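A.B. asks: Pasting a predicted model and its sequence here:
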Amino acid sequence: MLYNKLGKTNLEVSRLGFGTMRLPTKDSNDNIVEDEASKMLEYGIENGINIIDTAYPYHSATLDGSGNSETFVGKFLKENSYREDILLSTKSPSWAIEEKQDFDFYLDEQLKKLQTDYIDIYLLHSLTVPDWEKVQNLDVLDFLDDCLSSGRVKHVGFSSHIEVDYLIEILDEYPKWEVVMTQMNYLDEYYQSGVMGLDYLKEVNVGSVIMEPLRGGRLVQNIPPEIQKLWDSAEVKRTPVEWAMQYLWNRDDVDCVFSGMTSLEQVKQNVKIASTEDIISENDQELIREVARTYRTFLGNSCTRCGYCMPCPHGVDIINCLTEYNIAHMMQNPKASAMQYFSLIDDDSRADSCVDCKECIPYCTQMLDIPAELQKVYEYFGSEFDHF
């Protein structure tokens, strides 16, 4: 296994982290197949993975309820005496915080579920701009100070799916941030905080950990023929998983990549890749860019995210609705993409809130009939009930 320094924490982290969002389940998302999941974690740890990431809602029967991932991870680490061998990362459910005491309520519950006295890395989970404003007003920074001074938490940070300006704004609010988790893969260089966010994290020496390196598996499943033809043309032959992971590990602004693995075979495959020094040449990098460009030809419309259509007088998040629709088209898998759409966009901001007032149309630089495009978004994704 190869290791990197995690920003100013000076922790040595395996460049492959074990994400526990997609452990194998039976019958329902909250029913983890513990024997198989234990074999996966054991293999990963015994072969060099030294950081495990979980979160309050992972493997919950609902999108935002208390999940079984933390409980399983805590039980596994205690029964196998691995706690001192690994860095344990989990997240505070920022969306669920309504009062100051909620911060401690959830942290205390998580410490019990994880059967530990301390958490190595504690992140505010999936911060949105409204959630950040809310927790700021509830003195979240005082809470984080107390977590650090009490020893309940060793290092603090946040995860987010926000634009780079907001990422920088949050980073600049608190000098004790040490770790930030953002989404990144070769398709997402200019999506959400993207490469500019990673560049800023490196500049301020905050550890960067990556989620969705395979975009939920969509970069390695059901590969379109046009994409496979490009991969086949490479001088150095790699699997789609190798291309995606090595793209990230060849970046000097990426410290650790979390993979949400669902089988022992995937763990073995990813550990092998993470243990291999594989230099991506300039020709290889150009091929990756060509693959990304080809994926983008599958977009559903020509929205450029310029933002001139915003704000919508009826509260529709036009930009992100069209973005998630385009990404789903690009990956040619609406069901797999629906999680992003339904989890990142509030109920009253989704496409079905459009009332066809047409006030946005004159402002579109691409001359899109935006209400008609929003109707396509709604028809494409269906309802939240269809997917969860």
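C.D. replies: Yep, it's here.

A.B. asks: okay, CA-based contacts and neighbour counts for the rest of this
C.D. replies: Noted.

A.B. asks: which outside residues touch the helix or strand hosting Val209?
C.D. replies: Using DSSP states H and E, Val209 sits within strand 207-211. The contact list for strand 207-211 (C-alpha atoms under 8 Å, 6 or more residues apart in numbering) reads 5-9, 178-184, 198, 201-202, 253-259.

A.B. asks: Which helix or strand contains Ala271?
C.D. replies: Quick fix: residue 271 reads Val, not Ala. Going by DSSP H and E, Val271 is in helix 264-274.

A.B. asks: which SSE is Glu379 in?
C.D. replies: Per DSSP H and E: helix 370-381 holds Glu379.

A.B. asks: just checking, what packs against that helix?
C.D. replies: helix 318-331, helix 334-344 (3 or more C-alpha pairs under 8 Å, 6 or more residues apart in numbering; DSSP states H and E).

A.B. asks: okay, the angle between the longest one and helix 334-344?
C.D. replies: In other words, helix 318-331. Counting by axes from the mean of the first three to the mean of the last three C-alpha atoms, to 10 degrees, helix 318-331 lies at 160 degrees to helix 334-344.

A.B. asks: Pairing partners for the host helix or strand of Thr182, with directions?
C.D. replies: With secondary structure defined by DSSP H and E, Thr182 is part of strand 177-183. Looking at strand 177-183 with DSSP bridges, its partner strands are strand 153-160 (parallel), strand 207-211 (parallel).

A.B. asks: where along the chain do the strands fall?
C.D. replies: 3-5, 12-14, 16-19, 51-53, 87-92, 119-127, 153-160, 177-183, 207-211, 256-260 (DSSP state E).

A.B. asks: In JSON lines, list the ones you listed along with mean neighbour count, mean pLDDT and distance to Trp231.
C.D. replies: Shown next, in JSON lines, are the strands of the chain (neighbours: other C-alpha atoms under 10 Å; pLDDT from 0 to 100; distance: least, C-alpha to C-alpha, whole Å):
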{"stretch": "strand 3-5", "mean neighbour count": "18", "mean pLDDT": "97", "distance to Trp231": "28"}
{"stretch": "strand 12-14", "mean neighbour count": "21", "mean pLDDT": "97", "distance to Trp231": "27"}
{"stretch": "strand 16-19", "mean neighbour count": "26", "mean pLDDT": "97", "distance to Trp231": "23"}
{"stretch": "strand 51-53", "mean neighbour count": "23", "mean pLDDT": "98", "distance to Trp231": "31"}
{"stretch": "strand 87-92", "mean neighbour count": "22", "mean pLDDT": "97", "distance to Trp231": "35"}
{"stretch": "strand 119-127", "mean neighbour count": "23", "mean pLDDT": "95", "distance to Trp231": "33"}
{"stretch": "strand 153-160", "mean neighbour count": "21", "mean pLDDT": "96", "distance to Trp231": "31"}
{"stretch": "strand 177-183", "mean neighbour count": "23", "mean pLDDT": "96", "distance to Trp231": "23"}
{"stretch": "strand 207-211", "mean neighbour count": "24", "mean pLDDT": "95", "distance to Trp231": "23"}
{"stretch": "strand 256-260", "mean neighbour count": "24", "mean pLDDT": "95", "distance to Trp231": "22"}
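
A.B. asks: between those strands, which gets nearest to Met40?
C.D. replies: strand 16-19 (9.5 Å; C-alpha to C-alpha).

A.B. asks: who does that closest one touch, helix- and strand-wise?
C.D. replies: Using 3+ C-alpha pairs under 8 Å, 6+ apart, strand 16-19 is in contact with strand 51-53, strand 256-260, helix 264-274.

A.B. asks: Sort out which residues of the longest one are buried, please.
C.D. replies: Which is helix 264-274. Buried residues in helix 264-274, counted by 16 or more other C-alpha atoms under 10 Å: Leu264, Val267, Lys268, Asn270, Val271, Ile273, Ala274.

A.B. asks: and those as TSV, adding distance to Lys75?
C.D. replies: Listed next are those as TSV, based on distance: C-alpha to C-alpha, whole Å:
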residue	distance to Lys75
Leu264	19
Val267	20
Lys268	22
Asn270	24
Val271	23
Ile273	28
Ala274	27
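
A.B. asks: Out of those, the closest to Asp117 would be?
C.D. replies: Closest to Asp117, out of all of these and judged by C-alpha to C-alpha, is Val267, at 28.1 Å.

A.B. asks: so what's the closest one up against?
C.D. replies: Here Val267 is in contact with Met40, Tyr43, Gly44, Met261 (C-alpha under 8 Å, 6+ apart).
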